[in-house]
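[1] Here you go, sequence then predicted model.
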Amino acid sequence: MTSAPHASARPGAVNHPPVRISIQAEDFDIASEIARLGEGRADVGAVVSFTGLCRDEGGTLEALELEHYPGMAEGEISRIVEDAVARWPLSGVTVIHRHGRIAPGGNIVLVVTASAHRGAAFAAGEFLMDFLKTRAPFWKKEHRRDGTATEWVEAASRDDAAAERW
Amino acid sequence: MTSAPHASARPGAVNHPPVRISIQAEDFDIASEIARLGEGRADVGAVVSFTGLCRDEGGTLEALELEHYPGMAEGEISRIVEDAVARWPLSGVTVIHRHGRIAPGGNIVLVVTASAHRGAAFAAGEFLMDFLKTRAPFWKKEHRRDGTATEWVEAASRDDAAAERW
Amino acid sequence: MKVLYFAWVRERVGTAEEDLDLPETVSTPAELIGWLKTRGPEFESAFERPEIIRVALDQVHVEQDAPLGNPREIALFPPMTGG
Amino acid sequence: MKVLYFAWVRERVGTAEEDLDLPETVSTPAELIGWLKTRGPEFESAFERPEIIRVALDQVHVEQDAPLGNPREIALFPPMTGG
């Protein structure tokens, strides 16, 4: 299941950077997502990408299963992106979050931020990730290789602390 | 001209992450550089990439010309990477810096950092960029579209300030 | 009112979604959780630590003591672990 | 000793590299810059603001008051603008 990507610019907003948000089961292509933000825009000086991957937890993990709240996931990520756009001079933002079953080494989430200046691109990327972790309605369940009972991942207090920095 | 890439792991160092440093005239492929750090390593949870692009400076720039100090460029970047490896638990670092003539919109520099944790990958990426700016022996010269005299880019005091944060 | 459950809250409750007529006395998410717990052992289990439950009204996060109002849907779920 | 110049220092000096016999009195990079300035107007121009010149001995950054020692090469250049 793929949500329709949001429109690439907010209608009526002057100088609002293009924003692309997608919640999808399929994998994403990091290169084309980075290229999209640079494309035809020679005023972009810095592009930062963050890719979150499924770790194998010391070889014990068979797969992660990501549940999400359709509709709210897109809405909440949009709100987080708008906060970032209000705080930093960005020339583009892309957020892609996968759901469903993901094997170790597979992509989970991609955040790409573009700006004329590197400080803004780095800060906005880290801000987006901190708030995706604590506010976007996704839940991870671990399937173990040894077939023991699956377990829901517990929220990390360090993630709350990371979000509280901003 | 392409410098030979450094060896991908430091001989004799236990648990030293793979490091790839390249000073080259040719363009680089961001996707394959990111994939290289994730490849066959399911313990990597976070990959951050920074791409520095040539801005067009409001349409006035014909091209940038990057001069560098061969030998020292590789050496100094290696030292900066070692500082980052000592400070953060990284599972891989790649730094590619181009020299020669680069048109607006073209890639100049790529830094990719991988870690089990996103905070380390973000911090190390920003640290590497801050020190590349102030310590790697590269100099940019601007060629203007209107054919007026070329000018060397002046070092920005905000870059020194950024490096002094660490 | 449409009530949605996610992740282990959904698993313990045994359903993803139900339509409920709430008693007049329920005016906040906290009160809703308290009332749900009286509906059987599966709800008792899902909400055994009510303070950690997150709430969204019409797909927007709210605190448990926010006025419930008259939303189209209310969702109850564990702390999020995406990203 | 091999002396290298880069960027606008190179352009003003008019050469990228030269082999020089330094006088005994030159024992730091700052003294080297001072001595180079006596070698003609192109050096006078390249080093008109000596305090901003960066120095590397055998490809490692050093301060201008560091001991010169006996390096294979010494490089003089403007503040860096890469990245």
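    Looks like it arrived, so ask away. Numbering: from 1, shown residues only, chains lettered A, B, ... in the order given.
[2] Contact residues of chain A facing chain B?
    A:29-31, A:34, A:38, A:40-56, A:58-59, A:104-105, A:116, A:118-119, A:121-122, A:125-126, A:129, A:162 (Cβ under 8 Å from any Cβ of the partner chain). For every residue, glycine as well, the C-beta is placed using N, CA and C.
[3] Kindly give a single ChimeraX line that selects the buried subset of the residues you listed.
    A single ChimeraX command selects the buried members of those (16 or more other Cβ atoms under 10 Å in any protein chain shown):
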select /A:30,31,34,38,41,42,43,44,45,46,47,48,49,50,51,52,53,54,55,56,104,105,118,119,121,122,125,126,129,162
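[4] filter the residues of chain A next to chain B down to the ones near chain C?
    A:52, A:129.
[5] Next, residue 37: phi, psi?
    Chain wasn't specified; assuming chain A. phi -80, psi -20 (degrees, to the nearest 10).
[6] wrong one, I was asking about chain C
    phi -60, psi -20.
[7] thinking again about what came up before, out of the residues of chain A next to chain B, which are inside helices?
    A:30-31, A:34, A:38, A:118-119, A:121-122, A:125-126, A:129, A:162 (DSSP state H).
[8] Pick the one among those closest to A:Lys140.
    A:Met129 (15.0 Å; Cβ to Cβ).
[9] Excluding covalently adjacent residues, which one is nearest to whichever residue of chain A sits closest to chain D?
    Closest approach between chain A and chain D, counting by Cβ to the nearest Cβ: A:Arg118, at 8.2 Å. Spatial nearest neighbour of A:Arg118, excluding adjacent residues (Cβ to Cβ, 6 or more residues apart in numbering or on different chains): A:Ala46 at 4.0 Å.
[10] Strands along chain C, start to end?
    Taking DSSP state E as the test, the strands found in chain C are C:2-5, C:17-19, C:54-57, C:60-62, C:73-77.
[11] Turn the ones you listed into a markdown table, including mean pLDDT and distance to chain A.
    Output for these, formatted as a markdown table (pLDDT from 0 to 100; distance: least, Cβ to the nearest Cβ, whole Å):
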| stretch | mean pLDDT | distance to chain A |
| --- | --- | --- |
| strand C:2-5 | 98 | 7 |
| strand C:17-19 | 97 | 11 |
| strand C:54-57 | 98 | 6 |
| strand C:60-62 | 98 | 7 |
| strand C:73-77 | 98 | 6 |
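[12] Would you reformat these as TSV and include distance to chain D and mean neighbour count?
    Formatted as TSV, the strands of chain C follow (distance: least, Cβ to the nearest Cβ, whole Å; neighbours: other Cβ atoms under 10 Å in any protein chain shown):
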stretch	distance to chain D	mean neighbour count
strand C:2-5	48	18
strand C:17-19	52	11
strand C:54-57	42	20
strand C:60-62	39	16
strand C:73-77	44	21
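[13] and of these, who's closest to D:Val60?
    strand C:60-62 (53.2 Å).
[14] so what's the residue nearest to A:Arg118 up against?
    By Cβ atoms under 8 Å, 6 or more residues apart in numbering or on different chains, the residues touching A:Ala46 are A:114-118, A:120-122, B:50-53.
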